[in-house]
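Enquirer: Give me coordinates for this.
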Amino acid sequence: MRVSKALIVLERGAPGHGWRSLDVRNRHLVAIANRPLIVHAIEGLERAGIEQVGIVADEVTLAATQQALATHPGRVRTTYIPRKHGAGTVACLLAARGFVDGEPVLVHTGDGVLGPRLGKLLDGFEEEPLDALVLLEPPDGRARRGVRAALDRGEFSGLCVVGPIAVRAAEHAARGRGEASWTDFLVALEHLRASVEARPMDGWCRCRCDDGEASLLRATRVALDLLPAAPPSAGVSWPDVEVQGRALIDPTASLTSTTVRGPVVIGARSRISNAFLGPYTSIGEDVVIEGTEIENSIVHDGARVSHVPNRLEGSVLGRCAKVSVDFELPRGLRLTLGEGAEVVFS
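Expert: Sure thing, here's the model as predicted:
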């Protein structure tokens, strides 16, 4: 059977669960290349041929997600499914019985950016006699035998294709458990003598809070690599500005005496002057950058960077963060840092 449905299961993070530089509880709503992460996830599903997407979560998370997606409409048909009882992936599958309706479904955790290869894996699932295909993200790119062992090693990518047996396995996994996990679900598939296989997933980057800001930077690189080869901004030109490669620049942004080397994205009303923006850099809305070089970094909305003497690289600046040089004497470092903040000098 053709896989035309995807189910995105969302878990609301606990207070303090997130990235140190960002005040984000729901990781699927963190901005990647100036758009919520879940928008990139849905676009990846569209590219793979998915036609219907069900999003299941508790009512609070669902409302925040629906609000975020309202400003980024896609082509797929989206259904919002409240999870009123239980927690975890299995509870989400059970809440989505009506949406799944006995058809094969791609289960997605909604917290990663998909490259172009997913469509081929879905085609392979349709052609083979499999009940479930678990997609892995092994550190060395090689999948090993043993699906449960792979989950225990933290290699699960957050993507799983399940056939019509999905709801039956979820019901089996939920028996006698308050919160059934992915491992419980896969054990249930084994008890039902289902055919389960694990394969590595290339071109996928999952944003993990326990991986720190490095996962945000990786996801941004994947997202920016998918930028189309289009003019930087139709009908808009900037004095003394050189744009090299792919760059998505909002027409309301202001650039002067700057070099932009893509892939780069620059948000609305940002002001860039006497700067160099290197590859894989994402600049949010209302950002001010003066006399600074930035590469492979994320600068969120409202941040300001002024006359930093060294190139900023591999950095993540949260909303309204400020990094500047004070030329007054006596010279010294003056830092205002919140709990869990990190500063690295090199």
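
Enquirer: Return the residues in contact with residue 257.
Expert: Listed by C-beta atoms under 8 Å, 6 or more residues apart in numbering, the contact partners of residue 257 are 239-241, 273-275. (Glycine included, C-beta is placed from N, CA and C.)

Enquirer: Residue 38: which of the residues you listed is nearest?
Expert: residue 275 (30.6 Å; C-beta to C-beta).

Enquirer: so the closest one touches residue 288, yeah?
Expert: No: with contact defined as C-beta atoms under 8 Å, residue 275 does not reach residue 288; the gap is 10.1 Å.

Enquirer: who's more crowded, those two?
Expert: The residue with more neighbours, out of residue 275 and residue 288, is residue 275; 21 against 18, by other C-beta atoms under 10 Å.

Enquirer: From start to finish, how long is stretch 66-82 in a straight line?
Expert: End-to-end distance of stretch 66-82 (C-alpha to C-alpha, to the nearest Å): 12 Å.

Enquirer: So for it, what gets flagged as buried?
Expert: Buried residues in stretch 66-82, counting neighbours by 16 or more other C-beta atoms under 10 Å, are found at 68-69, 76, 81.

Enquirer: Can you pull the domain assignment for this structure?
Expert: 5-225, 241-324 (automatic domain parsing).

Enquirer: now for those, which one comes closest to residue 333?
Expert: Taking the domains of the chain one by one with C-beta to C-beta, domain 241-324 is closest: 11.7 Å.

Enquirer: Give the rounded mean pLDDT of the closest one.
Expert: Taken as a whole, domain 241-324 carries a mean pLDDT of 94.

Enquirer: what distance separates it from the centre of its chain?
Expert: 21 Å (C-alpha atoms, centre = their mean, to the nearest Å).

Enquirer: For it, measure first residue to last.
Expert: Domain 241-324 has its terminal residues 23 Å apart, counting by C-alpha to C-alpha.

Enquirer: what's the next secondary structure element after the helix or strand bottoming out on mean pLDDT in the chain?
Expert: Lowest mean confidence among the helices and strands of the chain (mean pLDDT, DSSP states H and E): helix 147-152, at a mean of 65. Using DSSP states H and E, the next helix or strand after helix 147-152 towards the C-terminus is strand 156-162.

Enquirer: circling back: which of the buried residues of stretch 66-82 sits closest to residue 106?
Expert: Among these, and counting by C-beta to C-beta, the member closest to residue 106 is residue 76, at 11.9 Å.

Enquirer: Nearest spatial neighbour of the closest one, chain-adjacent residues omitted?
Expert: Closest residue to residue 76 apart from its sequence neighbours, by C-beta to C-beta, 6 or more residues apart in numbering: residue 53 at 5.0 Å.

Enquirer: you'd agree the one you found is up against residue 44?
Expert: No: taking C-beta under 8 Å as the definition, residue 53 is not a contact partner of residue 44, at 10.9 Å.

Enquirer: Now do the buried residues in stretch 243-252.
Expert: For stretch 243-252, burial by neighbour count (16+ other C-beta under 10 Å) applies to 243, 246-250.

Enquirer: thinking again about what came up before, selection in PyMOL covering whichever of the contacts of residue 257 are buried, please.
Expert: In PyMOL, a selection of the buried entries from the contacts of residue 257 looks like this (16+ other C-beta under 10 Å):
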select buried, resi 241+273+275
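
Enquirer: mean confidence for whichever strand or helix holds residue 98?
Expert: Using DSSP H and E, residue 98 sits in helix 97-100. Averaged over helix 97-100, pLDDT sits at 90.

Enquirer: ok, residues contacting that helix?
Expert: Under C-beta under 8 Å, 6+ apart, the answer for helix 97-100 is 5, 7, 52, 54, 56, 79, 81, 93, 166-167.

Enquirer: ok, back up a step: filter the buried residues of stretch 66-82 down to just the ones in helices.
Expert: Among these, the members found in helices (DSSP state H) are 68-69.

Enquirer: Quick check: which of the buried residues of stretch 66-82 has the minimum pLDDT.
Expert: On pLDDT alone, residue 76 ranks lowest of the buried residues of stretch 66-82, at 86.

Enquirer: Residue 55 is in contact with that residue, correct?
Expert: No: contact between residue 76 and residue 55 fails when scored by C-beta under 8 Å: they sit 10.9 Å apart.
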